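J.: Sequence and computational prediction follow.
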Amino acid sequence: MNKAVFFDRDGVINNDSGYYYVSDPNDFELNTGVVELLQWLKQEGYLLIIISNQGGISRGVCTIHDVDKVHEKMASLLKAHKLFFDEIYYCPHHPENERCICRKPDTVLIEKAISRFSVNVKESFFIGDRDTDIEAGQKVGLAGIKTEANQDLRLVIPKIRELLRIS
């Protein structure tokens, strides 16, 4: 079984200050400390997986193509540091337009990743900046680490170390 860290995207991996939806690659910038955290997690043997709500697609603010272009920009920035996400899952729905079971705090995308990558939830975490992120992770047995939006992610490392001592 593998251990994994699940991440929300906007506000955690990338800075979303001033944006309701980050849908233009030119607006995408990594938050401080992302590279260092991801390097440490990879060194510790974790898979890295994004689980993100991208309701702007449903609302017509952006397209799947736009979101894919943002992910390409993210991959390019991380590749410069020899880093990558093992997978990116996102929900394109918005509750104003339709109901779904993939939008956090529902868990279908997390369950899909757990199954596909044989993730041991007891050794894994969900890092997010919203209660819905933490709730989604907890529903499937993942420990949750809540961050402030756009905070320096190096501050998460001691929290993970503390969780590892407890479990």
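T.: Received, thanks.

J.: distance of His71 from Phe28?
T.: 9 Å (CB to CB, to the nearest Å). All C-beta spots, glycine's among them, are computed from the backbone N, C-alpha and C.

J.: typo on my end, it should be Leu77
T.: In this view, Leu77 and Phe28 are 8 Å apart by CB to CB.

J.: Please say which of the two ends up with more neighbours.
T.: Between Leu77 and Phe28, counting by other CB atoms under 10 Å, Phe28 is the more crowded of the two (23 against 17).

J.: what pLDDT does Tyr19 get?
T.: pLDDT recorded at Tyr19 is 85.

J.: From Tyr46, how far off is the closest residue to it other than its chain neighbours?
T.: Closest residue to Tyr19 apart from its sequence neighbours, by CB to CB, 6 or more residues apart in numbering: Asp27 at 6.0 Å. According to CB to CB, Asp27 and Tyr46 sit 28 Å apart.

J.: Of those two, which one has the most company?
T.: Taking other CB under 10 Å, Asp27 and Tyr46 do not tie; Tyr46 has more neighbours (21 against 15).

J.: List the residues that contact the more buried one.
T.: 3-5, 124 (CB atoms under 8 Å, 6 or more residues apart in numbering).

J.: C-terminal to the longest helix anywhere in the chain, what's the next element?
T.: Counting residues, the longest helix found in the chain (DSSP state H) is helix 64-79. Next in sequence after helix 64-79, counting helices and strands by DSSP states H and E, comes strand 87-91.
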